[in-house]
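give me the fold of what follows.
(chains A, B and C)
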Amino acid sequence: MDFKGMDILSTEQFSRGDILHICDVAKSFEPVAQKKETSDILKGCVMASLFYEPSTRTRSSFETAMARLGGRTVTVIGEADSSLSKGETLYDTGKMMEAYADVIVMRHKIVGSVAEMALGASVPVINAGDGHGQHPTQALLDIYTILKEKGRIDGLKIVMAGDLKYGRTVHSLLLLLRHFDVKLVFASPAALKMPAEYENFLREKNIPFEVTENFGEAITGADVLYTTRVQRERFDDLEEYERLKFAFVVTRAFLEEFNPDITIMHPLPRVGEISLDVDELPGAAYFRQAANGVPVRMALLAMVMGKV
Amino acid sequence: MDFKGMDILSTEQFSRGDILHICDVAKSFEPVAQKKETSDILKGCVMASLFYEPSTRTRSSFETAMARLGGRTVTVIGEADSSLSKGETLYDTGKMMEAYADVIVMRHKIVGSVAEMALGASVPVINAGDGHGQHPTQALLDIYTILKEKGRIDGLKIVMAGDLKYGRTVHSLLLLLRHFDVKLVFASPAALKMPAEYENFLREKNIPFEVTENFGEAITGADVLYTTRVQRERFDDLEEYERLKFAFVVTRAFLEEFNPDITIMHPLPRVGEISLDVDELPGAAYFRQAANGVPVRMALLAMVMGKV
Amino acid sequence: MDFKGMDILSTEQFSRGDILHICDVAKSFEPVAQKKETSDILKGCVMASLFYEPSTRTRSSFETAMARLGGRTVTVIGEADSSLSKGETLYDTGKMMEAYADVIVMRHKIVGSVAEMALGASVPVINAGDGHGQHPTQALLDIYTILKEKGRIDGLKIVMAGDLKYGRTVHSLLLLLRHFDVKLVFASPAALKMPAEYENFLREKNIPFEVTENFGEAITGADVLYTTRVQRERFDDLEEYERLKFAFVVTRAFLEEFNPDITIMHPLPRVGEISLDVDELPGAAYFRQAANGVPVRMALLAMVMGKV
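Just a heads-up that it's a prediction; the model follows:
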């Protein structure tokens, strides 16, 4: 479909064809993202980068994407530097920002807030994360990473590990993976297992999945391991946290025992979930995954502004 | 007059001819501001955007103006990120910034602070608001909006409503309107009436004005309604605030009763002063007014840098 | 030597030849830095401007340097807006940022932190100050200023005055001056004298220096006075601070008595160490010194990115 003028609010809005098309466009921007070529296709365009909740990684990759395509950015960080602190609605902020920018990228801690701004703004609004709601551009770059690393998505066995209860990125990724013929394995402590609503969703879509607490077994024979951070703030019982935080740590020894060739992904930042000696393995894809944020966001920016 | 190298500090510095000239230049930038054309006339130029007091709307429109004319911006927000927090004078900051930037845009909560920096800096300094002092670029975009909406300023009947005591924008606008043949109506609660100094100023300049607490009567037969926010923080007596805040709310029913065709302006953000059902009226000009900040600031930036 | 791909972490890494080469390249950028010419040699390049500790002057001059050479900047200020606040290591942040930026400029309050990021990042990292550690670009612009003001460095008598104990800039400058045939004079209150390690360093390198508490005597017959701020926060005893803060203030009367022609430098901000009536003297070089940050940082940015 034509993305010109569209808001990017949720993973649910994409068909399989849309996802693959975005990946194709992203691939075409790789030489620019990798600094081998320069581009001016967004020359004269302005992106409003509204990060009411700070996020260095997401903001930097959006602003880099804009810069490398020749566009400009106006940045607003936090609510202190914003009309919101004076009581303005997001709808009104959207009405105002549409006059300044060609595209709005927005992150906010409240679910639905980005959609509210999109109601006000006539220019495309891209959701860069709304609390425990959606983070569609992360899910798209995760799909793009799997495709780039493995050459395909259909037929893969993908393990999701760590905090599957609160981890927003694994939920968003699931919602895109339903368009593909994959086998899923959920490996987590019982306290952090995949919520029933997602399991029910997968059953409805006839997507096979296994659930296990045995991490080694989970990755044996799998193609991709998507691991996430077990966050201390998710636990009422700190002793339980201390006991569990090491159970799903990815070390070189662990990988060499169970699956040395597996592709390892992580949304970053990592805080000990993957040990440093894993970084040199060919399958360690997490920094490449972060880098993929640039071509994928280039694709989305260019597409919604009708420049591809 | 030639604006090259000039500071823009106060509304008092403009003659009628200056104001109309700025509006002419702003009009010539409309195609760029409206994203229909691109421009590179400020290519190679750097604007220092020093917002010691944050202001999303003003800063975004200045930075957008600079970006769409091909210029670059270096942004400083808040005093924490500034030499001022180490005790540097604004004079010295100006001396330093003149070496980096071609133009300085500055907002600060202290009256006179922008003029102090202008003493130090040899490059043009534009006042983007100094506390309850001046906000000349807002006044200019308000004039520009009236001109664009009504085709003229002379002969108009303009109502100012809401908080006329503390509302900086209405005061600044008055100081520009004195150059035109207008009739003014001040509609506000007694506690928030136009200060005597401004009324005396108008008498001296032979500008006719009426004062009323009857909002409906005020707008009957008028051309423009400039309404402002009644801020809670202005009231010692919160009960009085609660009683008054609804007295000057602009609703669709109110307009339909007294003047459905009136042009409605507001400096934004609105926090309930204008109900959402007003937005669709042809006379609802407040978002267009916010948008006008871009061409007017383009004009000022280009003029003081000698690029038009 | 060829600087392409190099990190700029410490003054120790530069030979005499390196220093003079950097000054030559900086000189070639003067017309652009002084806004007489425009340049696009860094078009398509992105600088990550990571100021975990805010610094208006240093950041503004780096970002201005980048802008005037046609490059773009992605700015991160403070730790609140950063992955570090989520527990990410600087090594990992470096790994991530290398995918976005062509060069990283970083300031942080912890000594060694910039080197840690440089270990992670494959792109050049420039130290913009790491706590009481290094600030090599400041030292280079100080050398460049002396060269520009006096036409040479060899043969000069240079006085360092004020806070020689904690003043990072005088320490960094010393480490570059060892490559030149200079005479040094250290003028400070005893409580703020040059640390023994630096004096020993100079003895090893056979660089002659005098130590005095007599400020007038110190500058008599000298070529350059590099004065620094006596910071209140350095004193346990506030009475001692009050007594000493005026002892090393540079006034016009003082200069006229002891050395009216001396070149006066200061890293800025000044908070009373140099009185305003000094500003008009031909030797008052401190604002020119601040301005020199732009061509020197242009040179470093262009060199490490292999663009000169």
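
up against chain C, what does chain A have?
Contacts of chain A with chain C, taken as C-beta under 8 Å from any C-beta of the partner chain, map to A:35, A:38-39, A:51, A:54, A:56-57, A:59-61, A:63-64, A:67-68, A:75, A:77-78, A:268-271, A:276, A:287, A:290-291, A:293-294. All C-beta atoms are positioned from the backbone trio N, CA, C, and that covers glycine.

burial of the closest residue to residue A:6 other than its chain neighbours, as a residue count?
Excluding the flanking residues, the one nearest residue A:6 by C-beta to C-beta, 6 or more residues apart in numbering or on different chains is residue A:304, at 5.5 Å. Neighbours of residue A:304 under the rule other C-beta atoms under 10 Å in any protein chain shown: 22.

these two touch, right, residue A:304 and residue A:2?
No: in terms of C-beta atoms under 8 Å, residue A:304 does not count as a neighbour of residue A:2; the distance is 10.1 Å.

show me where chain A has its strands.
Along chain A, the segments classed as strands by DSSP state E run A:46-51, A:72-77, A:103-108, A:125-130, A:157-161, A:183-187, A:209-212, A:224-227, A:263-265.

list of residues touching the second one?
Okay, so that is strand A:72-77. Outside strand A:72-77, the residues that touch it by C-beta atoms under 8 Å, 6 or more residues apart in numbering or on different chains are A:45-52, A:54, A:59, A:63, A:66-67, A:82, A:100-101, B:56, B:59-60, B:63-64, B:67-68, B:75, C:75, C:81.

if we use 7 Å, what do you get?
Outside strand A:72-77, the residues that touch it by C-beta atoms under 7 Å, 6 or more residues apart in numbering or on different chains are A:46-51, A:54, A:63, A:66, A:82, A:100-101, B:56, B:60, B:63-64, B:67, C:81.

same check, this time on stretch A:194-211
Under C-beta under 7 Å, 6+ apart, the answer for stretch A:194-211 is A:164, A:165, A:171, A:174, A:178, A:182, A:183, A:184, A:185, A:186, A:193.

any idea how far the closest residue to the third one other than its chain neighbours lies from residue A:209?
The spatially closest residue to residue A:171, leaving aside those adjacent along the chain, is residue A:198, at 6.2 Å (C-beta to C-beta, 6+ apart). With distances taken as C-beta to C-beta, to the nearest Å, residue A:198 is found 9 Å from residue A:209.

point to the helix or strand of chain A where mean pLDDT is at its lowest.
Among the helices and strands of chain A, helix A:238-244 carries the lowest confidence by mean pLDDT, DSSP states H and E, at a mean of 80.

buried residues in that helix?
In terms of neighbour count (16 or more other C-beta atoms under 10 Å in any protein chain shown), helix A:238-244 has its buried residues at A:241, A:244.

and if you look at stretch A:134-152?
Residues of stretch A:134-152 classed as buried by neighbour count (16+ other C-beta under 10 Å): A:134-149.

as CSV, could you dump the C-alpha coordinates of it?
Extracted in CSV, the C-alpha atoms of stretch A:134-152 (Å, rounded to 0.1, in the frame of the first residue of the first chain):
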residue,chain,number,x,y,z
GLN,A,134,3.2,0.2,21.1
HIS,A,135,6.6,0.6,19.7
PRO,A,136,6.0,-0.3,16.0
THR,A,137,9.3,1.0,14.6
GLN,A,138,11.2,-1.3,17.0
ALA,A,139,9.2,-4.2,15.9
LEU,A,140,9.8,-3.4,12.2
LEU,A,141,13.6,-3.1,12.8
ASP,A,142,13.5,-6.4,14.6
ILE,A,143,11.8,-8.1,11.7
TYR,A,144,14.3,-6.4,9.3
THR,A,145,17.1,-7.7,11.4
ILE,A,146,15.9,-11.3,11.3
LEU,A,147,15.4,-11.1,7.5
LYS,A,148,18.9,-9.6,7.1
GLU,A,149,20.6,-12.1,9.4
LYS,A,150,18.8,-15.2,8.2
GLY,A,151,17.7,-14.3,4.7
ARG,A,152,14.1,-15.3,5.4
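
let me see the mean pLDDT of it.
Looking at stretch A:134-152 alone, the average pLDDT works out to 97.

what's the most far-flung residue of chain A relative to its centre in contact with, if anything?
Distance to the chain centre peaks in chain A at residue A:86, reaching 31.2 Å (criterion: C-alpha atoms, centre = their mean). For residue A:86, the contact set (C-beta under 7 Å, 6+ apart) comprises residue B:269.
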